[in-house]
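Novice: Mind folding the following:
(one chain, ligands or ions: 2)
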Amino acid sequence: MFLFSSFSMFNRGCFRSLFSFEKAGISAEKQAISLLSKLRNELQTDKPLLELMDGLSDTESWNQYMQRQQRQLGDQELVSWFKSPWLYVECYMYRRIQEAIWLNPPINNFDVFNEGKTQSFFESQQAVMALCTYLGDVQKSMEKLSENQLSEHFNKLLQVSLWGNKCDLSISAGQENSQKASPIDSLPSLQSFILVNDSNMVWLTLNSSRRPEGSGQKTADRVDIVLDNAGFELVTDLVLADFLVSSGLARHIHFHGKCFPWFVSDVTANDFQWTIRQTMAANHKWMSKSGYQWQSYLNEGIWSYHDHPFWTQPHEFCDMAADAPDLYATLQEADLVLFKGDLNYRKLTGDRAWGHTVDFCTALRGFEPAPLCSLRTLKANVQVGLQPGQGEKLSTQDPSWMTNGKYAVIQFHRPKLE
Ligand SMILES: O=P(O)(O)OC[C@H]1O[C@](O)(CO)[C@@H](O)[C@@H]1O
Ligand SMILES: [Mn+2]
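Specialist: Ligands and ions are numbered 1, 2, ... in the order given. Sure, this is the predicted structure:
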């Protein structure tokens, strides 16, 4: 169902935006649209998946992954839309959309989801202003804050970043999904919807990162944030990252985004830069101040943006060490890795039908490059690390608790060998 709604949303946005191109692009547009219609038909009629033909740097790896899926399925039937794991085919759909666009210059760099992402940012302006004002107030008094006050602000901004994940566009099939209320004021009423809250472990990790014995240094050298959605969620991540740096809890932040438009609203390099430019240009003192601060963090190398093709592949993260060892090694350098959002949670846990009381650590199946924390609102049928009876109780109270985006987790794991 999600595949269909995402796809028709995409088509609406795509038709509208593509036709604003110059005449030279018209045949490219028609060609891209015909590839997309073909894709939709393949999907709706459970056709076998096709190898990618676009010769991009990740094409071979996608085609190999399809063979891997085929080996798992056996010789009796072909890998197809309804017979293969949802995680795989859903990722494959976004890669095929990319292929349809990429094969058709001059529109080959067109972001078919751009309109929805920018709209979600603009519709959240009030909330963004409230959040930047809160950050400005905290920063004004930063020097005087006690340890407890600092940890309170940290918890609030971590939770704002958590709930920012409610605002993705794929769950709403691209319909309006922005943040209207003041994000800080909303937190108390959301508290009881956090099913697992390991934020104290995150706090302890930041305060006791791999600093040399006896150095007295209290700063994590590097926090990595594996981003999810553009729009309001990205702003909440930037605000959290700003707080980590300006409070001295972290020295460097590495942001990880996507190489091409992905799951409708995920952050690309273009979205990242655009969001900071828009924040700088805002006609609001605290918002624009934040934007300038973020740009200067980037200029000074305190913040950096990275995209690795692995993030736009279908692999579960337990495959990362073998299939993207360079990325795994990069994450190993971090003192803490924050994974934003639902899709990252599905990849962390392999999107399996785990029992709800299975340990988060078990579900990670050896993926432990560094202390890590998932900040995720629940939108898919996988949830581990709950208390005995907690899942059953939720199923009685709210049968769609795993997919309606009302619940969330802050789930932490520390590597055993640290
Ligand atoms: O942006 P997020 O939080 O990763 O959510 C994306 C989720 O949306 C869906 O596409 C639909 O709910 C899920 O398949 C996916 O996990
Ligand atoms: Mn997303």
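Novice: and the residue positioned nearest the centre of the chain, what is it in contact with?
Specialist: Centroid-nearest residue in the chain: residue 228, 1.6 Å away (criterion: Cα atoms, centre = their mean). Contacts for residue 228 (Cβ atoms under 8 Å, 6 or more residues apart in numbering) come out as 165, 168, 266, 267, 340, 341, 342, 343, 344. Glycine gets a C-beta too; all of them are placed from N, C-alpha and C.
Novice: Just flag the most distant two among the residues you listed.
Specialist: The largest separation in the contacts of residue 228, counting by Cβ to Cβ, is between 267 and 342 at 14.5 Å.
Novice: Between these two, point out the one with more neighbours.
Specialist: Using other Cβ atoms under 10 Å as the criterion, residue 267 and residue 342 rank with residue 267 on top: 27 against 24.
Novice: Report pLDDT for that one.
Specialist: At residue 267, the model reports a pLDDT of 98.
Novice: unless I'm mixing things up, it is touching residue 256, no?
Specialist: No. Look at residue 267 against residue 256 with Cβ atoms under 8 Å: they stay out of range, at 9.1 Å.
Novice: Need the overlap of contacts for the two.
Specialist: Common neighbours of residue 267 and residue 256 (Cβ under 8 Å, 6+ apart) are residue 227.
Novice: picking that back up, how about the residue nearest to the centre of the chain, phi and psi?
Specialist: phi -120, psi -100 (degrees, to the nearest 10).
Novice: From ligand 1, how far off is it?
Specialist: The spacing between residue 228 and ligand 1, counted by Cβ to the nearest ligand atom, to the nearest Å, is 5 Å.
Novice: gap between that residue and residue 140?
Specialist: Look at residue 228 and residue 140: by Cβ to Cβ, to the nearest Å, they are 30 Å apart.
Novice: And for residue 395?
Specialist: Look at residue 395 and residue 140: by Cβ to Cβ, they are 46 Å apart.
Novice: More neighbours: which of the two?
Specialist: Set residue 395 next to residue 140 and count neighbours by other Cβ under 10 Å: residue 395 wins out with 13 against 9.
Novice: so that one makes contact with residue 389?
Specialist: No. Taking contacts as Cβ under 8 Å, residue 395 lies outside contact range of residue 389: 10.5 Å.
Novice: Looks like residue 99 contacts residue 58 (just checking).
Specialist: No. Applying Cβ under 8 Å as the test, residue 99 and residue 58 come out as separate, 10.6 Å apart.
Novice: Of the two, which one has the most company?
Specialist: Using other Cβ under 10 Å as the criterion, residue 99 and residue 58 rank with residue 99 on top: 22 against 18.
Novice: ok, residue 225 - contacts?
Specialist: Residues near residue 225 by Cβ under 8 Å, 6+ apart: 237, 240, 241, 253, 254, 255, 256, 337, 338, 340.
Novice: tell me what the helix or strand encompassing the third one is packed against?
Specialist: Element membership of residue 241 [criterion: DSSP states H and E] is helix 232-246. Applying 3 or more Cβ pairs under 8 Å, 6 or more residues apart in numbering; DSSP states H and E, one finds that helix 232-246 makes contact with helix 114-123, helix 125-140, helix 147-164, strand 220-226, strand 250-257, helix 269-281, helix 285-299.
Novice: and with 6 Å instead?
Specialist: Helices and strands touching helix 232-246, by 3 or more Cβ pairs under 6 Å, 6 or more residues apart in numbering; DSSP states H and E, are helix 125-140, helix 147-164.
Novice: out of those, which comes closest to ligand 2?
Specialist: For these, proximity to ligand 2 was assessed by Cβ to the ion; helix 147-164 is nearest, at 11.1 Å.
Novice: Flag every buried residue along the closest one.
Specialist: If you call a residue buried by 16 or more other Cβ atoms under 10 Å, then helix 147-164 has these buried ones: 150-151, 153-164.
Novice: which element follows that helix toward the C-terminus?
Specialist: Downstream of helix 147-164, the next assigned helix or strand under DSSP H and E is helix 183-190.
Novice: what's the angle from that following helix to helix 125-140?
Specialist: 100 degrees (axes from the mean of the first three to the mean of the last three Cα atoms, to 10 degrees).
Novice: and helix 183-190, average pLDDT?
Specialist: Across helix 183-190, pLDDT averages out at 91.
Novice: Pull out the buried residues from it.
Specialist: Along helix 183-190, these residues count as buried under the neighbour rule (16+ other Cβ under 10 Å): 183, 184, 187, 190.
Novice: Give me the domain ranges for this structure.
Specialist: 2-112, 116-413 (automatic domain parsing).
Novice: Could you say which of these is packed most deeply?
Specialist: Among the domains of the chain, domain 116-413 has the highest mean neighbour count (mean count of other Cβ atoms under 10 Å), at a mean of 19.
Novice: from the chain's centre, how far out does it sit?
Specialist: Domain 116-413 sits 8 Å away from the centroid of its parent chain (Cα atoms, centre = their mean, to the nearest Å).
Novice: Going forward, the N-terminal residue is numbered 7.
Specialist: Got it, first residue is 7 now, which makes that one domain 122-419.
Novice: Is it in proximity to ligand 2?
Specialist: Yes. Using Cβ under 5 Å from the ion, domain 122-419 comes into contact with ligand 2 via 174, 234, 235, 269, 272.
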